[in-house]
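Enquirer: Give me coordinates for this.
(one chain, ligands or ions: 2)
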Amino acid sequence: MSTVSESYLVGLIGEGITASLTPPMHEREADHHGLRYLYRPVDLTEIGLPGESVGDLLRQGRNLGFSAFNVTHPCKQLVLDHLDEVSDDAARLGAVNTVLVRDGKFIGHNTDFSGFGTGLAHGLPGATLDNVVQLGAGGAGSAVAYALLKAGVQSLTLIDLDPARVAARAAALAELFPGREVAAAGRDELADALSTADGFVNTSPVGMHSHPGLPIDAELLQPRHWVADVVYRPVETELVRAASAKGCRVLDGGHMAVGQAVDAFALITGIAPDAARMRRHFLELIGQGR
Ligand SMILES: NC(=O)c1ccc[n+]([C@@H]2O[C@H](COP(=O)([O-])OP(=O)(O)OC[C@H]3O[C@@H](n4cnc5c(N)ncnc54)[C@H](O)[C@@H]3O)[C@@H](O)[C@H]2O)c1
Ligand SMILES: O=C(O)[C@]1(O)C[C@@H](O)[C@@H](O)[C@H](O)C1
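Expert: Ligands and ions are numbered 1, 2, ... in the order given. Alright, predicted model coming up:
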């Protein structure tokens with residue numbers, strides 16, 4: 001037996017997340033710190049609940065002694081209505097993926113953007129951030145674009161197949177970061193945008209096992225470009241391989257996947273995890289086909 005001050009009980013609320021690597025990443029790191037820490041997936045698909053039930057689940061979890069939650073698709077915006085406090089960055093971004101239960105209150109944070117930012121700083125130190133092109137303006141893309149602007153990107157071109165979505169995202173980001181240039185563009189403008197860019201980030205699903213291929217023509221990449229992918233199944237995407245072959249510095253999608261877990265673990269426990277150890281564990285899990 002243990003009380004709430006002696007142990008951690010954490011959940012991940014979202015659709016289709018039973019196979020997520022985030023629970024084992026947290027649990028293994030907690031073991032290294034000698035913590036009693038259990039992290040369970042709360043899969044909405046398996047229990048037949050809609051995303052709108054996230055508030056009820058949080059309240060039930062609090063009553064059952066949960067310490068914290070990660071929340072994911074389709075709950076990252078829906079959860080906002082149920083929180084007592086939200087960090088400045090999560091409020092600006094309009095998305096929460098980490099909820100702490102503190103004195104019965106729910107405190108929201110976003111470690112998707114901070115996780116990508118930390119991965120970028122550690123994985124591509126000194127990368128020039130003046131001008132970046134990003135493909136994809138969906139859920140992951142919103143967090144990554146926010147992280148890029150926070151990291152100092154001066155000119156960001158967002159490209160997506162959905163013109164309304166990318167226009168809305170670019171306008172929202174331009175308002176959040178006055179003085180920066182945030183432009184929305186279509187795929188036909190990729191070559192032009194990349195000709196003056198320092199870096200390229202893929203946040204579209206292209207490259208996943210279920211969606212194989214290259215998100216852009218590899219001919220558009222030059223050795224001066226740094227290239228980041230957020231796709232991590234597989235970790236070595238066709239983009240990562242093609243960019244490496246061109247001599248580009250690359251950041252694979254595992255950095256963001258591990259980064260969000262590192263930052264959430266730190267928020268939940270107040271203990272700085274060993275990020276390199278968590279990445280080794282993540283790569284081990286992926287290597288096992290998890
Ligand atoms: N590394 C991580 O931690 C992490 C976290 C979340 C998501 N992801 C990965 O990011 C990818 C995107 O996830 P999401 O949740 O943002 O999905 P999403 O559906 O919310 O957004 C994807 C966006 O990409 C756009 N898109 C699709 N194909 C495109 C193309 N060929 N060219 C331009 N735009 C295109 C879509 O229109 C959409 O706006 C997935 O592969 C997911 O696995 C990684
Ligand atoms: O690893 C996952 O399954 C996650 O759901 C990925 C991403 O959505 C994060 O924000 C969550 O904290 C964890």
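Enquirer: Point out the residues in this structure that sit beside ligand 2.
Expert: 12, 14, 17, 20-22, 70, 72, 97, 112, 260 (Cβ under 6 Å from any ligand atom). The way it works is simple: take the backbone N, C-alpha and C, and place the C-beta from them, glycine included.
Enquirer: at 8 Å instead, please
Expert: 12, 14, 17, 20-22, 70-73, 76, 97-98, 111-112, 115, 139-140, 257, 260-261, 264 (Cβ under 8 Å from any ligand atom).
Enquirer: In helices only, show me the residues you listed.
Expert: In helices, judged by DSSP state H, the following of these are found: 22, 111-112, 115, 139-140, 257, 260-261, 264.
Enquirer: Which one of the residues you listed is nearest to ligand 2?
Expert: Minimum distance to ligand 2 across those is 3.6 Å, recorded for residue 22 (Cβ to the nearest ligand atom).
Enquirer: my guess is that closest one meets residue 70, correct?
Expert: Yes. In this structure, residue 22 is within contact of residue 70 by Cβ atoms under 8 Å, at 6.2 Å.
Enquirer: By proximity to ligand 1, which residue of the protein wins?
Expert: As assessed by Cβ to the nearest ligand atom, ligand 1 sits closest to residue 138 within the chain, at 1.8 Å.
Enquirer: What residues does residue 261 make contact with?
Expert: Counting by Cβ atoms under 8 Å, 6 or more residues apart in numbering, residue 261 makes contact with 22, 25-26, 111, 115, 278, 282.
Enquirer: oh, I was asking about residue 254
Expert: Contacts for residue 254 were tallied using Cβ under 8 Å, 6+ apart; they are 232, 235, 279, 282-283, 286.
Enquirer: run the last query once more with 7 Å
Expert: Taking Cβ atoms under 7 Å, 6 or more residues apart in numbering, we find residue 254 in contact with 232, 235, 279, 282-283.
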